[in-house]
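Enquirer: Coordinates for the following, if possible.
(one chain, ligands or ions: 1)
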Amino acid sequence: MLKIGVIGTGYVGLTTGIGLANFGSTVMCLDINNEKIQQLNLGALPIYEPGMDELLRDNVKAGRLTFSTDLTFGIQWAQIIFIAVGTPQAENGKADLSAVEKTAELIGKSLNGYKIVVTKSTVPVGTNEMIRAIIDSFNANEYEFDVVSNPEFLREGKAVYDFLHPDRVVIGVSHPRPLDMLKQVYRPLYLNEVPFIITDLRTSELIKYASNSFLAMKVAFINEMARLCDTVGANVQQLAIALGKDGRIGSKFLHPGPGFGGSCFPKDTAALTVFAREKGMPLGLVEETIASNSRQKEFIVHKIKGRMGAVSGRRFGILGLAFKSETDDMRESAAITIIDQLLREGAMIRAYDPRAMENAKKIWDNHQISFGRDEYDTVQDADAVVILTEWNQFRNLDIPRIKSAMRESYFFDFRNIYRRKQMEEYGLIYECIGR
Ligand SMILES: NC(=O)c1ccc[n+]([C@@H]2O[C@H](COP(=O)([O-])OP(=O)(O)OC[C@H]3O[C@@H](n4cnc5c(N)ncnc54)[C@H](O)[C@@H]3O)[C@@H](O)[C@H]2O)c1
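Expert: So this is what the prediction gives:
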């Protein structure tokens, strides 16, 4: 059985660890965050991901999955080491590679035999070569090792499913030596005929940025169409259906909303554009995607004010804080920008999210905004309700109950969940986007 160490136990590392254990390898998940590892050792998940609980339990019980903060031990124990630490956005827009560099240094210092080092973190072109150089510079005993790029494409909220059923697996290598072992790691996917794209390190690194930038561009595009539909009185929902029927376009990622967020699209588009500019090859489309997404968030606040007038002293019940449904992740959520702008203009905010409340409380304290217990508690005495995340439980609200709890009757549905006619029949002043 293969012994795999996964360094970094966040959304990607934890999913990778659990997923690879489920494929049959013995996995040790490693992290410097003691609290996370303690929690996992008690059988509790530090993040919310549908379906992860059960897989965690099964694989721990089967003896294939352990958790530790002893990184050196884990590196020495493993034959294959996955790097899944964070690569957040630095101030200059670039990817902050400090955690990757520290990890590479520790791997170099800890080597005790041949290992394969697999980079799952999203990293700019050239980083895997840098990882190899760092490991080499600390590899006093000159053990052999290979560095492999294996970017991850999972979606938060569907992380487990995506890891077990990927559209493709991308593997970048500079040498064919590690390929057989990697095929073994992903054997169940090989047997299921998942496409494997074997390429060089640089192409593999760039595939990840190109994928995220393309998806971000698609979202920004449909949001622009929604803004235009609003202006000219057309219907973006029907437009998206018609567009999506064209096989060359496809129907996914054509849902207008308050602007894309999350831990990937914003930072990855930023990192790619800064990197490309540095190389003298600016990416106009991706740069404009970032700008267009900022305009979408401004447009949302503009729409609210267009309907209500000044927001100072008005009470808002915000439903949904996570950057999308089925996750507790609030990183770069459009809700942050929109709420902060409303606060700056003197609005009073009460907010609720089924999963992201803990993360929200790290962003705003109780003096800045208040937090509702549920949807109905959140909209009590509100002048306006604003839906920002498309949680299923917001699709079936008891609208008469909402209406009677409110002080004024503004209902902003920025995920286009409800129908205007129905909402107006309930006496609400309804606004959505692009319809
Ligand atoms: N979240 C996603 O949907 C997603 C999807 C695909 C790829 N990615 C990429 O995967 C990488 C990880 O993303 P994430 O969302 O899982 O991040 P995360 O912030 O949820 O997790 C990162 C983990 O790394 C740990 N860590 C940081 N420095 C460390 C170190 N020196 N040694 C050991 N552990 C360390 C942190 O404690 C944390 O638990 C990023 O490069 C990201 O761009 C993320």
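Enquirer: Show me this structure divided up by domain.
Expert: 3-199, 265-431 (automatic domain parsing).
Enquirer: which stretch among the ones you listed comes nearest the ligand?
Expert: For the ligand, the closest of the domains of the chain is domain 3-199, at 1.8 Å, according to C-beta to the nearest ligand atom. Using the backbone N, CA and C atoms, a C-beta is placed for each residue, glycine as well.
Enquirer: check whether the closest one contacts the ligand.
Expert: Yes: contact check for domain 3-199 against the ligand, using C-beta under 6 Å from any ligand atom: residues in range are 7-13, 31-33, 36, 84-87, 99, 102-103, 121-122, 152, 154, 156.
Enquirer: on that earlier part again, can you lay out the domains of the chain as a markdown table showing mean neighbour count, distance to I241 and mean pLDDT?
Expert: As requested, the domains of the chain are exported to a markdown table (neighbours: other C-beta atoms under 10 Å; distance: least, C-beta to C-beta, whole Å; pLDDT from 0 to 100):
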| stretch | mean neighbour count | distance to I241 | mean pLDDT |
| --- | --- | --- | --- |
| domain 3-199 | 19 | 22 | 97 |
| domain 265-431 | 19 | 12 | 98 |
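Enquirer: Would you mind putting the ones you listed into TSV with distance to M225 alongside?
Expert: Output for the domains of the chain, formatted as TSV (distance: least, C-beta to C-beta, whole Å):
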stretch	distance to M225
domain 3-199	23
domain 265-431	11
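Enquirer: For A334, give its distance to R295.
Expert: With distances taken as C-beta to C-beta, to the nearest Å, A334 is found 12 Å from R295.
Enquirer: Let's see which of the residues of domain 3-199 next to the ligand end up in strands.
Expert: The strands, defined by DSSP state E, take in I7 from the residues of domain 3-199 next to the ligand.
Enquirer: List the ones among the residues of domain 3-199 next to the ligand that fall in helices.
Expert: In helices, defined here by DSSP state H, the members of those are Y11, V12, G13, K36, A99, K102, T103.
Enquirer: so where do the strands sit in the stretch 301-435 of the chain?
Expert: 315-319, 348-352, 370-371, 384-387, 410-413, 429-431 (DSSP state E, counting those that start in this stretch).
Enquirer: Serialize the ones you listed to CSV and add fields for distance to the ligand.
Expert: Shown next, in CSV, are the strands of the stretch 301-435 of the chain (distance: least, C-beta to the nearest ligand atom, whole Å):
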stretch, distance to the ligand
strand 315-319, 23
strand 348-352, 22
strand 370-371, 23
strand 384-387, 23
strand 410-413, 26
strand 429-431, 30
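Enquirer: Can I get these in a markdown table including distance to L342?
Expert: Below are the strands of the stretch 301-435 of the chain laid out as a markdown table (distance: least, C-beta to C-beta, whole Å):
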| stretch | distance to L342 |
| --- | --- |
| strand 315-319 | 6 |
| strand 348-352 | 6 |
| strand 370-371 | 14 |
| strand 384-387 | 9 |
| strand 410-413 | 11 |
| strand 429-431 | 15 |
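Enquirer: That'll do, ta.
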